[in-house]
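[1] fold the stuff below for me.
(chains A and B)
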Amino acid sequence: MELIDKTIHELHRMLIGGEVTSVALTRAFLQRIAETDNRINAFITVCEEQALKDSEAADRLIAEGKADLLTGIPVALKDIFLTAGVRTTCASKILDTFIAPYDGTAVARLKERGAVIVGKLNMDEFAMGSSNENSAFGPVKNPWDTSTVPGGSSGGSAASVAARQAVATLGTDTGGSIRQPASHCGVVGLKPTYGRVSRYGVIAYASSLDQVGPISRDVEDCAILLQAIAGYDPADSTSVDTPVPDYRAGIKDGVKGLKIGLPKEYFIEGLDPEVKAAMEAAIETYRGLGAEFVDVSLPHTDYAVASYYLIATAEASSNLARYDGVRFGVRVDQGRGLIDMFEQTRAAGFGDEVKRRIMLGTYALSSGYYDAYYLKAQKVRTLIRQDFLEAFQAVDVLLTPVAPTPAFGLGEKVSDPLQMYLSDIFTIPVNLAGTCAMSLPCGFSSAGLPIGLQLIGKPFAEQTLLRVGYAFEQATEWHRKKADL
Amino acid sequence: MGSSKYEVVIGLEVHVQLTTQTKIFCGCSTRFGSAPNSQTCPVCLGLPGALPVLNRKVVEYAIRTGLATHCAIAPRSVFARKNYFYPDLPKGYQISQFELPICEHGHLEIETEDGGPKTIGITRIHMEEDAGKLLHGEGPEAGSSSFVDLNRACTPLLEIVSEPDMRSSDEAIAYLKKLHQIVMYLGVCDGNLEEGSFRCDANVSIRPWGQKEFGTRAELKNINSFRFIKQAIDYEVERQADILDDGGKVVQETRLFDSVTGMTRSMRGKEEAHDYRYFPDPDLVPLVVSPEWVEQVRQELPELPEAKVARFIREFGIPRYDAEVLSADRAMAEYYDATVARHGNGKLCANWVMGEVQRRLNEDGVAISDSPVTPELLAALLGRIDDNTISGKIAKTVFEEMWRSGDAPDKIIEEKGLKQVTDTGAIEQIIDEVIAANLDQVEEYRGGKDKVFGFFVGQVMKASKGKANPAAVNEMLKKKLQG
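    Next up, the predicted model:
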């Protein structure tokens, strides 16, 4: 097994055991990026010089015996995280020239632990998309089949882990943007409970839904990364001040007697037969491990996608107003006055999907429509949250598919936004409910594309998710499969 | 023709800039007059990824203001985004409060022209951030360029919205002055109108007397002095009356007051009115204010003007007029209070604070808090009148010297030899000299011309350089003249 195939916990042991240095490790990943990224397009910016410098510093820490689990580990960040001194584009032309003047909280926490940031990852522009085709820097390709999409919006974050370009990455999940690409790329992705990880320094798409989370090769790495970034941040008023448990403690405790709910609304007609088969196999695996299954209902599931596209776009229309060409980023000024400068800058700077969502959101908030759209959607959101809380009265976690199908072909859904939006049908309700969920590999289609399993937990029960995911991983080999590049 | 045919209806929206040390959603300083953009950070610059964190002090000031204006303090209030594009608005939205403000249902008492009290309703008070400032054609690349200074962006404001309860520009001014006095008393605002710390928009409409429905209103903006507010409202009332007299219709619009011409002009009509697309700000959780907090703020409220006036009358026995003058400004009231506490004679203290102290403050343009004559020193001076060390007249001379040097009165009296002469021997000698030099007048006096007595007093005081004790002079002079 090559260095680049290893996990954080494996590499950590090698680093402190002196089997490898962070510099060597960082070089290996930088080389891998150089060799493969012309086929994957996962990186917008590679921070070679800084990464090597940081890896030297990490090696010194390791030599002094001050190594944290993440010290010296090469990671990469979705290009939505502000990273001091590094270009941060959010995959948008409008931020093409934007050098972040400060570190976001999650980034600062990784740096404090000595993680080596090798680069900034491609994504759907402003995290709006489910295929990573909405990037000003071109689409990301799925390492398992480069004619298919990696999913989105954290497409680069998932594809780079699958392509062994980084040990692990950070993404953000507003409506499935960590879990769906993790599923399509055969890696592990976790969306923490809303408020668990600070959003400070993360470019906002939909503030009430956005949440930072890790993407990694296995569940234990996911726990290590979450441990590093989770916790209250006074700079984010929506971060929650509850203690962060030790996420690796009890991870091996198994699932005997655990009650797993199967929401009937997620096992519907139209679910890809191979996805359905993979779910059934996963259920059997868990049964074999001693878990019990309970049928549950989340009756308002049908309204989730519509509500999401009202709430998320409404917030986005306001969040993206600051990209006006006045203070930072790209400005298009033809000397025809202020309004013209605003309009030309935004017309040239934003891509089609971003414009579509700004228009949708502006409409939803407009006087006379607010009650019918935004307010109604918020009410539905409350109902959806109640659905989950009620289901969790009877069960510990829920098991569902991540996406209705494996990765689809590049360009296949570009012209049909609605079809594209529906690919997030199983992930969106979790964001609306504000709870946590994880995607983990559970099989492959006949075409050789990964299929993902979603575990949904109670609010702030990431620990349970990690334990349940770990048990599955120990019983299966899916996460060990490697994309052939 | 004109306005007498119509009843005037006025509602006011006042923006009060709070005197917190730091901004409402970040830790930057709120100091006025620093180099452009020197008091900014990712939050108030609206940089990507930056998030607002509410300044607790701002909430406290809002509660304070709400309590002082008899508002109900909402246990749960919500910040909302007001969306519009402008270069001085870094995020493309202003964080304000919309559906659920922190204070509602308050009122203020004003005095109308005929002297009667009147209650003006306060609809709501909410917290919001200020925008930055645009500088046109200034700076290094003057000319057609505009520059953005975001030092003021994110500075905390209270917007205080009245009911349309005022019926004349005088009532509007009375309300504004009262509100101005209260926020100054509360210490939440420096009250500086020119620097924009206390800004007012006026909603003005007229209707025929007896009509129940309100007329169509115009919103007047950009008025930065009490005088201009009156001017703007009066102009607007005449303008609307002329329209109605001519059979026209007033259109709903926003109008800008021009302080040079004294006129208002249309800024934008109803059709061009912004749709601000308000919605709850998802970056800020709903603000929960506990009853305990409200109670604590209530306990810490300063004594407000009305209460002060009543107490001054009751405890110090001064006339209402004096009490109101002394209470107009919190610092002056505190100065007076401190003086009386040390001297005891309420009326004498009032006369001096309203008289000499106020006069010198005005002459030098000094704030009472910076007065070189402190309440302690003033009380000491007045004490020297009481114990006959100096006369009231000499006291004014001593006061001048105290003002100039900041010295204690006793030191000045001593050094300048201003001590009153109560030694009867010394006074007798002066009187004898005066009588000897004015024998004609002595004859007149003895002949029954009582008025001449005043002349002798004057001569004696003059000869003593004002230091002779007037009572002693009177007594002795009378005896000597009667022969």
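
[2] helix, strand, or coil at A:Ser239?
    Assigned with DSSP: H, G, I helix; E, B strand; the rest coil, A:Ser239 falls in the coil class.

[3] what about it, neighbour count?
    21 (other CB atoms under 10 Å in any protein chain shown). Where C-beta positions appear, they are placed from N, C-alpha and C, glycine not excepted.

[4] so it touches A:Tyr194, yeah?
    No. Counting by CB atoms under 8 Å, A:Ser239 does not reach A:Tyr194; the two are 9.3 Å apart.

[5] what is in contact with the two at once?
    Common neighbours of A:Ser239 and A:Tyr194 are not found (criterion: CB atoms under 8 Å, 6 or more residues apart in numbering or on different chains).

[6] list the helices and strands the longest helix seen in chain B packs on?
    Secondary structure of chain B per DSSP state H: the longest helix is helix B:226-245. In terms of contacts (3 or more CB pairs under 8 Å, 6 or more residues apart in numbering or on different chains; DSSP states H and E), helix B:226-245 is packed against strand B:6-17, helix B:169-186, strand B:198-208, strand B:218-223, strand B:253-258, strand B:263-269.

[7] what average pLDDT does the first one get?
    Think strand B:6-17. In this model, strand B:6-17 carries a mean pLDDT of 96.

[8] excluding sequence neighbours, find me the nearest residue to the residue nearest the centre of chain B.
    The centroid of chain B falls nearest to B:Gln181 when counting by CA atoms, centre = their mean (4.6 Å). Leaving aside its sequence neighbours, B:Gln181 sits nearest to B:Pro305 (CB to CB, 6 or more residues apart in numbering or on different chains; 5.7 Å).

[9] so what touches stretch B:365-381?
    Contacts of stretch B:365-381 with the rest of the structure, by CB under 8 Å, 6+ apart, involve B:329, B:331-332, B:335-336, B:338-339, B:341-343, B:349, B:352-353, B:357, B:360-361, B:395, B:398-399, B:402-404, B:406, B:408-410.

[10] filter those residues to the buried ones?
    Buried by 16 or more other CB atoms under 10 Å in any protein chain shown: B:329, B:332, B:335-336, B:338-339, B:343, B:349, B:352-353, B:357, B:360-361, B:395, B:398-399, B:402-403, B:409, out of those.

[11] checking A:Val294 next. Helix, strand or coil?
    Under three-state DSSP, A:Val294 comes out as strand.

[12] actually A:Gly257, not the one I wrote
    coil.

[13] would you mind measuring from it to B:Val250?
    The gap separating A:Gly257 from B:Val250 is 76 Å, by CB to CB, to the nearest Å.

[14] with A:Val326 instead?
    In this view, A:Val326 and B:Val250 are 37 Å apart by CB to CB.

[15] between the two, which one's more packed in?
    Ranked by neighbour count (other CB under 10 Å), A:Val326 and B:Val250 place A:Val326 first, with 22 against 18.

[16] quick one, helices of the stretch 251-400 of chain A?
    Counting by DSSP state H, counting those that start in this stretch, the stretch 251-400 of chain A has helices at residues A:273-288, A:304-319, A:338-349, A:352-365, A:376-394.

[17] swap that for the stretch 301-450 of chain B, please
    Using DSSP H, counting those that start in this stretch, the helices of the stretch 301-450 of chain B run over B:305-316, B:320-327, B:330-343, B:346-352, B:358-364, B:375-386, B:392-405, B:409-416, B:424-437, B:439-446.

[18] okay, those helices in a markdown table with mean pLDDT next?
    As requested, the helices of the stretch 301-450 of chain B are exported to a markdown table (pLDDT from 0 to 100):
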| stretch | mean pLDDT |
| --- | --- |
| helix B:305-316 | 93 |
| helix B:320-327 | 92 |
| helix B:330-343 | 92 |
| helix B:346-352 | 91 |
| helix B:358-364 | 91 |
| helix B:375-386 | 89 |
| helix B:392-405 | 88 |
| helix B:409-416 | 82 |
| helix B:424-437 | 83 |
| helix B:439-446 | 84 |
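
[19] so which of these comes closest to A:Arg13?
    For those, proximity to A:Arg13 was assessed by CB to CB; helix B:330-343 is nearest, at 69.1 Å.

[20] in the stretch 351-483 of chain B, what residue lies closest to chain A?
    Relative to chain A, the nearest point of the stretch 351-483 of chain B is B:Ser369 (35.7 Å; CB to the nearest CB).

[21] how much space between that residue and B:Gly406?
    Taking CB to CB as the measure, B:Ser369 falls 15 Å from B:Gly406.

[22] cool, and B:Ile173?
    Distance from B:Ile173 to B:Gly406, counting by CB to CB: 38 Å.

[23] which stretches of the stretch 101-250 of chain A form helices?
    Counting by DSSP H, counting those that start in this stretch, one finds helices in the stretch 101-250 of chain A at the ranges A:105-112, A:155-162, A:179-185, A:219-229.

[24] same thing with the stretch 1-150 of chain B?
    For the stretch 1-150 of chain B, applying DSSP H, counting those that start in this stretch gives helices covering B:56-68.

[25] low pLDDT regions in it?
    For the stretch 1-150 of chain B, the stretches with pLDDT under 70 are B:1-3, B:137-144.

[26] got a list of what the closest residue to chain A within it touches?
    Nearest to chain A in the stretch 1-150 of chain B, going by CB to the nearest CB, is B:Gly92, at a distance of 2.4 Å. Listed by CB under 8 Å, 6+ apart, the contact partners of B:Gly92 are A:318, A:320-322, A:324, B:46, B:83-85.

[27] for A:Phe430, which non-adjacent residue is closest in space?
    Just to correct that, residue A:430 is Val rather than Phe. Nearest residue to A:Val430, sequence neighbours excluded (CB to CB, 6+ apart): A:Ala437, at 4.5 Å.

[28] what's the helix or strand encompassing the one you found packed up against?
    Using DSSP states H and E, A:Ala437 sits within strand A:436-444. Using 3+ CB pairs under 8 Å, 6+ apart, the elements in contact with strand A:436-444 are helix A:179-185, strand A:188-191, helix A:219-229, helix A:273-288, strand A:450-457, helix A:462-475.
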